[in-house]
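K.L.:
Attaching a predicted model along with its sequence, questions to come.
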Amino acid sequence: MLQLEAFIVWSDLAAPPVVGPPGDETIILTPPRKPRAWGKLAAGSTGVLAAAVALWLLWPQHLIPPSPPETVQPPGPAPQVQAPVVPPPAFALQTAPESEIRTHESHALTVFRFAPNPDIVVLDFPTLLEQGLMLNRVAALVEKAGLPRDRVLTDTELDAAIRQHGDTIETFYYGHDYPASALTRFFELADRNHVQLNGQEEKLRHLLQQLGWLTPGIHGGLISIPQVGADANVTMSARSSILRHELSHGEFFSNPAYADYVRRFWQANLTEKERTGMRRFLGSQEYDVADEDLMLNEMQAYLMFTLDPHFFRPADVRITEERRNQLQAEFLRGLDVAWLRDTMQHKLAVTP
């Protein structure tokens, strides 16, 4: 069996076997041959390859077409590297009572939180120029008579408005006061109308961002005062009166209960003639008399807390000193703000 299997396997590769004489059972196996087709293919391939190589070597080089040049992509633009945005330095906020703020001296802007009410922020400016550059455009939007309430003035318009009223950047206002809501609206309108703000105004924006005031629903009051000697009119007595006046505005803006109390007093305790006298006086100071909240807010600041006759006298609103004392006593009776009560009870007019 084994021999038969050997024959069958080789039968396709070998020549026919040689068989012995009849009766001889010996099978003589011939050596296997190479497959003819395989040998022919190998030999033929070798010959063709050799011929092709020889032809290429003998072929004139100038007749061989050159290889196409390799396409080199030009370098792309260098990646843009943006300079890191460096946030402005944070303002150092100091907390102090009225007495310390009043006597504070500095050659740089100082920012205070008012100790009895930290929602009142006081900007203490070394010069009237810096104060005006930061806050005059806000004043034009919020309270100056005859100016638009729905847009922020450009530099040219603001300069014309200041000159029209016979003022300078320094004298447009000696003290400023604004609620957080008005400041938020100022920057929203400036951004919406693409009004270019100056460096001092952008500094104010950074301060308000630090305070978290540029969001709806914040009850805060921002006020300002100049340093003694900012001009000939800013004496210690004047600085003290400006501070007291503006602090009362800060309470009005930051304390809704106090603002409501002032509104009720304006309607119930002043006569119509006295309200008319107050509007006439404030109109002469170029306040917007159509703004009723502005009128009653200024009433409490002038009538109750401005004791320096250089800034306000009862005759300015056509009342007597006695009537003023009577109104102050009535105001004090229902007043529920401790620091304002102390101020009115002592009636302190600080002198140089």
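P.N.:
Right, received. Where do you want to start? Numbers count the residues shown, from 1 in each chain.
K.L.:
now for the helix or strand containing Gln200, which elements pack on it?
P.N.:
According to DSSP states H and E, Gln200 maps onto helix 199-211. Helix 199-211 makes packing contacts with helix 128-142, helix 180-192 when contacts are defined by 3 or more C-beta pairs under 8 Å, 6 or more residues apart in numbering; DSSP states H and E. (C-beta placed from N, C-alpha, C; glycine too.)
K.L.:
if I look at Arg113, how far off is Lys203?
P.N.:
According to C-beta to C-beta, to the nearest Å, Arg113 and Lys203 sit 18 Å apart.
K.L.:
before we move on, the earlier item: distance to Arg263 and mean neighbour count added to the helices and strands packed on helix 199-211, as a markdown table?
P.N.:
Conversion of those to a markdown table gives the following (distance: least, C-beta to C-beta, whole Å; neighbours: other C-beta atoms under 10 Å):
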| stretch | distance to Arg263 | mean neighbour count |
| --- | --- | --- |
| helix 128-142 | 18 | 23 |
| helix 180-192 | 17 | 18 |
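K.L.:
how about these, which one is nearest Asp316?
P.N.:
Distances from Asp316 to each of the helices and strands packed on helix 199-211 were compared using C-beta to C-beta; the shortest belongs to helix 128-142, at 20.8 Å.
K.L.:
is it true that Ala338 touches Pro116?
P.N.:
Yes. A contact is recorded between Ala338 and Pro116 when judged using C-beta atoms under 8 Å, the distance being 7.0 Å.
K.L.:
More neighbours: those two, which one.
P.N.:
For Ala338 and Pro116, the more surrounded residue by other C-beta atoms under 10 Å is Pro116, and the numbers stand at 15 against 10.
K.L.:
Spit out the contact partners of the closest residue to the more buried one other than its chain neighbours.
P.N.:
The shortest distance from Pro116 to any residue that is not its chain neighbour, by C-beta to C-beta, 6 or more residues apart in numbering, is 3.9 Å, and that residue is Trp339. Remark: with contacts taken as C-beta atoms under 8 Å, 6 or more residues apart in numbering, Trp339 is in contact with Glu98, Pro116, Asn117.
K.L.:
do you know how far Trp339 is from Ser241?
P.N.:
Relative to Ser241, Trp339 is positioned 17 Å away (C-beta to C-beta).
K.L.:
what does Gly199 give?
P.N.:
The gap separating Gly199 from Ser241 is 30 Å, by C-beta to C-beta.
K.L.:
Those two - which one has more neighbours?
P.N.:
Ser241 (24 against 9).
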